[in-house]
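Enquirer: what follows is a predicted protein model with its sequence.
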Amino acid sequence: MDFTRRETMAIGGAALLVASLPRGAQAATVDELIAEFTGGADVADSGVELTAPEIAENGNTVPIEVSAESAEAIMVLAAGNPTPPVATFTFGPLAASHYASTRIRLAGTQDVIAVAKLSDGTFARTSKNVKVTIGGCGG
Amino acid sequence: MAASAALGASGFGNWARLAAQQALTQDQLLQFDTFGNVSLIHVTDIHAQLKPIYFREPSVNIGVGPNRGEVPHVTGADFRKLYGIDDGSPSHYALSSGDFSALAQEYGKVGGMDRVATVINAIRADRPDAILLDGGDTWHGSMTCLRTQGQDMVNVMNALKPDAMTFHWEFTLGSERVHEIVEGLPFAALGQNIFDKMWDEPAESFKPYEFFERGGVKVAVIGQAFPYMPIANPGWMFPEYSFGIRDEHMQEMVDEVRAQGAGLVVCLSHNGFDVDKKMAGVVSGIDVILTGHTHDALPEPVMVGDTILIASGSNGKFVSRVDLDVRDGRMMGFRHKLIPIFSDVIEPDKEVAALIDEQRAPFKEELEEVIGQTDSLLYRRGNFNGSWDDLICDALLSERDAEIAMSPGVRWGPSLIPGDPITREDIFNVTSMTYGEAYRTEMTGEFIKVVLEDVADNIFNPDPYYQQGGDMVRIGGMGYRIDVTKPQGERISEMTLLKSGEPIDPSRNYVVSGWASVNEGTEGPQIWDVVESHIRKMGTVTVGENDNVEVVGA
């Protein structure tokens, strides 16, 4: 949290660079990762929960939570990071809760995506846009 | 809930009619037929204004996405037409922009916590157990507040006996001072979204909600602090805390209080109006949201499903009274009045007046020193610029020898009318804060655009949950064009250095001076000293029309 003005500028610059990458190229990567996880199966729009802040207080450590009843595994992707895969949480058959929380680093404003593999073999997906901002002029 | 809409009545119609009859008296301002079995009194965003002030409402307040053209994004003549307010009436003066300087002469100053005390006492005379709720931004905004680290406001507010409070600028006193005050508060300090940062769980010092037994009803008041404090304000001053909207947790709290028998659920919020409006549609089971942060004053509640939203203005200019009929665990009806505090009409409460003077006494000479005069109306509110900020930007450009000046788009700061002296107190009223250092630095043209795009998205993102509730950063020395309908990165164009008339070069470095940086270790003289020095040199201040920002898509 101890940014000098120069470092903060660098963050702003980075956010701009990420935003200006060709969207098509990124989408393919994320789509490929999801296809790999699901084996190409259909993915439902509900069945997995993702909690993340609308605006990150600090893009370097953004708290997120994922959960899905009866999930065997939940994959988390940060679509706008240079390397989108964040984590894949797997839950054994004796797991009491199908819930995980972690903190992730976001290179700029982007969608965080969660894809769950459920015990019946189906898949569910959700996403949330998390904004990374310079801040400082509200009030 | 159609019954509630039918039963619900605003005192506003009465007020407008009385105003037309030129019969503005304290009795009529306070007139209210007590209704139902529970009364709420709401004050918010006082910004430490203990004394009467002028406060001009904005003429530019653009709504985007679903809120385009919706209140509170209706101003001036359009606002008066919407609510049936006559031009030149007291309601025109109190609630809308236009003809401000002339009407201010006619109707005088507004606010003053001693007048607010009179109104609160009158409501309590009707309903002794009315619940007084403070929406926050109370311990910030004046010289006496800054010098006493909020103690003046704590002393005066304690005399009004609030029942609960939530927070925003209070945290810029630093978490240690906030803890010190909160530990001694004789009322509830609430915030369901104030979390311990390390453990990401509710913070111990702030309860999510408080119950009040009133009129045979268990009333739950849930607090909602400003969600974006560590982003809009310096997070390093309160590093232990994390905020956010956390509407899932809000829903849990509503369900929890309902399960414990709450018959009425009130949310005391510092979200900002559009965020509250969206939240009312996402979280179910809230009866009343007392909104704050965006400083809107609305003469009638806005309904979202079964939830009513009450917007009570800022700077002590208004008090809202909401009477509710709660039976069988349900809100069956409401009656509401936004009471304008006309300082010359409402008699000050003697006890509170004396207490206010006591707080000010040690600083009296300093406060009252006249620094200059103004020939122009000085105001701040508006999405893009205000004459106070034009003056502050001029001060930064000349006193700090900069090419471009930046002044934060905050919404606090009272107005002065032409002919007014400018005292040191007036300057502090529009600048005082715990991080007021006026920095001087170099920024590339490209980075200046990044800053403008970033701030613009905090205001004009079509999803209210991504808005922070301030106005656009004010710019001196540079003009630009903004299309509010475009996404981030595409809103700002035609950035021009006014001095030379040349386009801003993305790769060139510009000398920029600004204030209120959220970065730790920012260096420079305090902004109030910079502005005072500038005004002293000017003697009499004249601020011209500002047409440096071209707005498209409004």
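Expert: Received it, and whenever you're ready, just let me know what you need. Numbers count the residues shown, from 1 in each chain, chains lettered A, B, ... in the order given.

Enquirer: ok, the residue nearest to B:Ala94 when sequence neighbours are not counted - contacts?
Expert: Nearest residue to B:Ala94 in three dimensions, chain neighbours excluded: B:Pro340, at 4.1 Å (Cβ to Cβ, 6 or more residues apart in numbering or on different chains). Placement of C-beta: from N, CA and C, glycine included. Counting by Cβ atoms under 8 Å, 6 or more residues apart in numbering or on different chains, B:Pro340 makes contact with B:15, B:29, B:90-91, B:94-95, B:110, B:317-318.

Enquirer: equivalent analysis for B:Gly108, please.
Expert: B:52, B:342-344.

Enquirer: among those, name the buried ones.
Expert: B:52, B:342-343 (16 or more other Cβ atoms under 10 Å in any protein chain shown).

Enquirer: re earlier: which one of the contacts of B:Pro340 has the most neighbours?
Expert: In terms of neighbours by other Cβ atoms under 10 Å in any protein chain shown, the contacts of B:Pro340 top out with B:Lys317 at 32 neighbours.

Enquirer: now the strands for chain A?
Expert: In chain A, the strands defined using DSSP state E lie at A:43-44, A:49-51, A:62-67, A:71-78, A:85-90, A:99-104, A:110-118, A:123-130.

Enquirer: which stretch among those strands comes nearest chain B?
Expert: With Cβ to the nearest Cβ as the criterion, chain B lies closest to strand A:62-67 of those, at 5.3 Å.

Enquirer: that closest one pairs with which strands, parallel or anti?
Expert: strand A:49-51 (antiparallel), strand A:99-104 (antiparallel) (DSSP bridges).

Enquirer: identify each buried residue in stretch B:342-357, please.
Expert: Within stretch B:342-357, the residues that count as buried by 16+ other Cβ under 10 Å are B:342-343, B:345-346, B:348-349, B:352-353, B:355-356.

Enquirer: so how far is stretch B:156-164 off the chain centroid?
Expert: Centroid separation for stretch B:156-164 versus its chain: 19 Å, with Cα atoms, centre = their mean, to the nearest Å.

Enquirer: so what sits opposite the residue nearest to B:Ala94 in the bridge?
Expert: Beta-bridge partners of B:Pro340, as defined by DSSP bridges: B:Phe318.

Enquirer: please apply the same query to B:Arg330.
Expert: Here B:Arg330 sits in beta bridges with B:Arg327, going by DSSP bridges.

Enquirer: okay, it: pLDDT?
Expert: Turning to B:Arg330, the model gives it a pLDDT of 94.

Enquirer: pLDDT below threshold where in chain A?
Expert: A:1-28, A:135-139 (pLDDT under 70).

Enquirer: so can I have CSV of the buried ones among the contacts of B:Gly108 showing pLDDT, secondary structure and distance to B:Leu24?
Expert: Shown next, in CSV, are the buried ones among the contacts of B:Gly108 (pLDDT from 0 to 100; DSSP: H, G, I helix; E, B strand; the rest coil; distance: Cβ to Cβ, whole Å):
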residue, pLDDT, secondary structure, distance to B:Leu24
B:Pro52, 97, coil, 15
B:Phe342, 95, strand, 7
B:Ser343, 93, coil, 12
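
Enquirer: looking at those residues, which is nearest chain A?
Expert: Using Cβ to the nearest Cβ, B:Pro52 comes nearest to chain A of the buried ones among the contacts of B:Gly108, at 22.7 Å.

Enquirer: contacts only, for the closest one.
Expert: Here B:Pro52 is in contact with B:108-112, B:115, B:343 (Cβ under 8 Å, 6+ apart).

Enquirer: need phi/psi at the residue most central in space within chain B.
Expert: Computing the C-alpha centroid of chain B and ranking residues by Cα atoms, centre = their mean puts B:His295 first, at 3.5 Å. With angles defined as degrees, to the nearest 10, B:His295 sits at phi 70, psi 20.

Enquirer: that one and chain A, how far apart?
Expert: Distance, B:His295 to chain A, using Cβ to the nearest Cβ, to the nearest Å: 10 Å.
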